[in-house]
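Undergrad: Got a predicted structure here, sequence first:
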Amino acid sequence: MSGPSIPSVQSPGDTTPATGSESLVLDATSLSKDFRLSRGHVLHAVRDVSLSLHRGRVVALVGESGSGKSTVARLLAGQEIPTAGTFSLRGVPVRLSTRRAFRQYKSEVQLVFQDPFASLNPAHTVRYHIERPIRLHHGSMPRDQVRREAAALMEQVRLTPAEKFLAKYPHQLSGGQRQRVSFARALAARPSVLLADEPVSMLDVSIRLEILTLLDDLRQRFHLALLYITHDIASARYFADEVIVMYAGQVVEHGPAEDVTQHPAHPYTQLLVRSAPDPDNLGGLLRNGANSNRSGVEHASAPSAGACQFSNRCPFAQDRCRNEAPPMARISQARAAACWRLDVAAPDVLAEHEGGEETTR
């Protein structure tokens, strides 16, 4: 399951972009996760989600709270066992049946949590948080070298002078500084994949762009495959190469970031775009329902399990939507959406990509 060694922090090594199948690092197919609740009820948190992460590229997983985004991250990080579906690392199926396999996988795939304070142990210094994964993932290493690696990581996330910050405790840092420490801790394993679960949502608005810029710099410098999870579709437009939109545990639209955010096809994506506080008028070319007060319509009853899950909020819903779940409809080679009424919801998008065809991906 392990691939070629990842270059050290001091020497990033070859950063020549890979293309095609050579760039594919983590690939997930039809992932599903059910949680059993009381009285025999089952929560379908994630249903049939597929995605591919490539070296040096950013995939944004977008959706409101409860849409299943963080569950997908935990599945890919090995912290949850999927109910169905598979994922592979560099073409090799991932099976985390032993502690050794799990540690080896974690050296390649790291998760950065939403709340940097909750993810750091308040009883330990920053040095402990950075040096521990270095020792865990890189075997026996002289103490001086471990310290040099830790100091170099602090430099990489722009916490200088390094020794000053390594001696501090989490409560002595600001929110932005704690998140930088979280990035450094993740990089200590020298991963090839970084899963960033809403990395700026707990931070002050004034420093969010600064932290996202740092994350993008680290992605380019170490040629990471990055999954960026967010509810902010505006930031996904500027930060990601591909956008995957989730609603109620399912993917409802995916495609190139610029296309999805500027010309959304699915009614839910349109709703996200219209609610995004973007100074460049994100999605300003929407022609369908943009001025309609129907976009906020909600029906009292929840949709049935076999229906489109967005049908109780959709201004274009009809009987078929409330009784039958739509498959993914291919809009172009790189783009698809799950909606029975794309001809009404997004006729301009379909006209631009004539000849859309049904797909299951």
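TA: Thanks, I have it.

Undergrad: and the strand or helix carrying residue 132, which residues are buried?
TA: Here residue 132 sits within helix 126-138, counting by DSSP states H and E. For helix 126-138, the neighbour count (16 or more other Cβ atoms under 10 Å) marks 126, 127, 129, 130, 131, 132, 133, 134, 137, 138 as buried. Quick note: C-beta positions are derived from backbone N, CA and C, even for glycine.

Undergrad: same deal with stretch 211-222?
TA: 211, 212, 214, 215, 216, 218, 219, 222.

Undergrad: Quick check: the fourth one touching residue 184?
TA: No. Assessed by Cβ atoms under 8 Å, residue 215 is found out of contact with residue 184, at 12.0 Å.

Undergrad: shared neighbours of those two, anything?
TA: Common contacts of residue 215 and residue 184, defined by Cβ atoms under 8 Å, 6 or more residues apart in numbering, are absent altogether.

Undergrad: out of everything not next to it in sequence, what's closest to residue 117?
TA: Nearest residue to residue 117, sequence neighbours excluded (Cβ to Cβ, 6 or more residues apart in numbering): residue 178, at 5.7 Å.

Undergrad: need the contact list for that neighbour.
TA: The neighbourhood of residue 178, defined by Cβ under 8 Å, 6+ apart, consists of 116, 117, 120, 170.

Undergrad: burial count for the last one?
TA: Yep, that's residue 170 we're talking about. 21 (other Cβ atoms under 10 Å).

Undergrad: so what's it closest to, chain neighbours aside?
TA: residue 120 (4.2 Å).

Undergrad: before we move on, which element is the one you found in?
TA: Per DSSP H and E, there is no helix or strand for residue 120.

Undergrad: Need the per-residue pLDDT for it.
TA: What the model reports for residue 120 is a pLDDT of 93.

Undergrad: I'd like to know how far it sits from residue 241.
TA: With distances taken as Cβ to Cβ, to the nearest Å, residue 120 is found 30 Å from residue 241.

Undergrad: got it, and residue 183?
TA: 20 Å.

Undergrad: Can you pick out the residue with more neighbours from these two?
TA: Counted by other Cβ under 10 Å, residue 183 and residue 241 do not tie: residue 183 has more neighbours, with 24 against 15.

Undergrad: helix, strand or coil for the more buried one?
TA: Secondary structure for residue 183, judged by DSSP: H, G, I helix; E, B strand; the rest coil, is helix.

Undergrad: Can I get stretch 37-54 in PDB? Just the C-alpha atoms.
TA: Coordinates of each C-alpha in stretch 37-54 appear next as PDB, following Å, rounded to 0.1, in the frame of the first residue of the first chain:
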ATOM      1  CA  LEU A  37     -29.800   4.900  16.000                       C
ATOM      2  CA  SER A  38     -32.200   4.000  18.800                       C
ATOM      3  CA  ARG A  39     -35.400   1.900  18.200                       C
ATOM      4  CA  GLY A  40     -33.900   0.300  15.100                       C
ATOM      5  CA  HIS A  41     -33.700   3.500  13.100                       C
ATOM      6  CA  VAL A  42     -30.800   4.000  10.600                       C
ATOM      7  CA  LEU A  43     -29.200   7.200   9.600                       C
ATOM      8  CA  HIS A  44     -27.900   7.100   6.100                       C
ATOM      9  CA  ALA A  45     -25.100   9.700   6.600                       C
ATOM     10  CA  VAL A  46     -23.300   9.000   3.300                       C
ATOM     11  CA  ARG A  47     -24.700   7.300   0.200                       C
ATOM     12  CA  ASP A  48     -22.800   6.200  -2.900                       C
ATOM     13  CA  VAL A  49     -20.100   8.900  -2.900                       C
ATOM     14  CA  SER A  50     -17.200   8.600  -5.400                       C
ATOM     15  CA  LEU A  51     -14.300  10.900  -5.700                       C
ATOM     16  CA  SER A  52     -10.700  11.000  -6.900                       C
ATOM     17  CA  LEU A  53      -7.800  13.000  -5.400                       C
ATOM     18  CA  HIS A  54      -4.800  13.800  -7.600                       C
END
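
Undergrad: okay, residue 28: pLDDT?
TA: 96.

Undergrad: count of residues packed around it?
TA: Residue 28 - counted by other Cβ under 10 Å - has 20 other residues nearby.

Undergrad: list the buried ones in stretch 84-95?
TA: Neighbour counts over stretch 84-95 (16+ other Cβ under 10 Å) mark 85, 87, 88, 89, 90, 94 as buried.

Undergrad: whoops, I mixed them up, stretch 331-350
TA: Within stretch 331-350, the residues that count as buried by 16+ other Cβ under 10 Å are 331-332, 335-342, 345-346, 349-350.
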